[in-house]
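Asker: Starting from these lines, generate the structure:
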Amino acid sequence: MRKRLQESEAELFRASVEDVEPIETDQAEPFRHRPPPVPIAQPRALSRKAERATLSEAEVETGDYLLFTRPGVQKRLLADLQRGQMEVELELDLHGLTATYAEHVLEEFLRDCAFRHVRCALIVHGKGYRSGERQPVLKRKINYWLRLYDQVLAFCSATRRDGGTGAVYLLLRNPEKSRRERRGV
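Answerer: Sure thing, here's the model as predicted:
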């Protein structure tokens, strides 16, 4: 049962719609395909070198002082890194972490460094005094893991003021420079 409008309500309705023009068609608007969403730019995933398959952890010797450099790194730049003269932009402390968790944290740290365009970083791994007679576990692992990342150009034990042989300075690839090289500029 329909309820009938009172005359005053009908007049009010007519007055409010008197300037409306009628639609010429009674069909619904045709379906439109929406354009696909534009993906949000994500930082490039860290690439591990093909070395991973060929480089064994047992092959990497870990002495008291750590030093690694990729071919092409300038000697002056490496000397500045060893003297602690490069500004440390980001630090990571791995003291007390298990090796598995430390590897995950290191990967996240390097991803963060790439995102922030960090050139020099410091990783504190400790001296391994709690390892007893064995070699320091995290120091040995860091020495191996850092060699697997393309973005790590060099690393060396830190100066005494930044942790000595219980920490390493990292020299990271300049992301802007590598982007220009890929474009051929």
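
Asker: and P22, how many neighbours?
Answerer: Here the number of neighbours of P22 (other Cβ atoms under 10 Å) works out to 5. C-betas here are computed from N, CA, C, even on glycine.

Asker: same question, A167
Answerer: When neighbours are counted by other Cβ under 10 Å, A167 comes out with 24.

Asker: ok, now H33?
Answerer: 5.

Asker: what helix or strand is it on?
Answerer: In the assignment (DSSP states H and E), H33 maps to no helix and no strand.

Asker: For the remainder of this discussion, apply numbering that starts at 48.
Answerer: Got it, first residue is 48 now, which makes that one H80.

Asker: And it, how far from L139?
Answerer: As judged by Cβ to Cβ, to the nearest Å, H80 and L139 stand 47 Å apart.

Asker: again, but for L52
Answerer: 74 Å.

Asker: More neighbours: which of these two?
Answerer: Using other Cβ under 10 Å, the more surrounded residue of L52 and L139 is L139, with 20 against 11.

Asker: Restrict the helix or strand harbouring the more buried one to CA atoms and write it as CSV.
Answerer: Using DSSP H and E, L139 maps to strand 137-140. The C-alpha trace of strand 137-140 is given here as CSV (Å, rounded to 0.1, in the frame of the first residue of the first chain):
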residue,chain,number,x,y,z
LEU,A,137,74.4,4.7,9.8
GLU,A,138,75.3,2.1,12.5
LEU,A,139,74.2,-1.4,13.3
ASP,A,140,75.0,-3.2,16.6
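
Asker: Could you check that strand and say which residues are buried?
Answerer: For strand 137-140, the neighbour count (16 or more other Cβ atoms under 10 Å) marks L137, L139 as buried.

Asker: Could you do stretch 61-79 as well?
Answerer: Applying 16+ other Cβ under 10 Å to stretch 61-79 flags no residue as buried.

Asker: was I right about L124 contacting Y216?
Answerer: No. Using Cβ atoms under 8 Å as the test, L124 is too far from Y216 to be in contact (11.5 Å).
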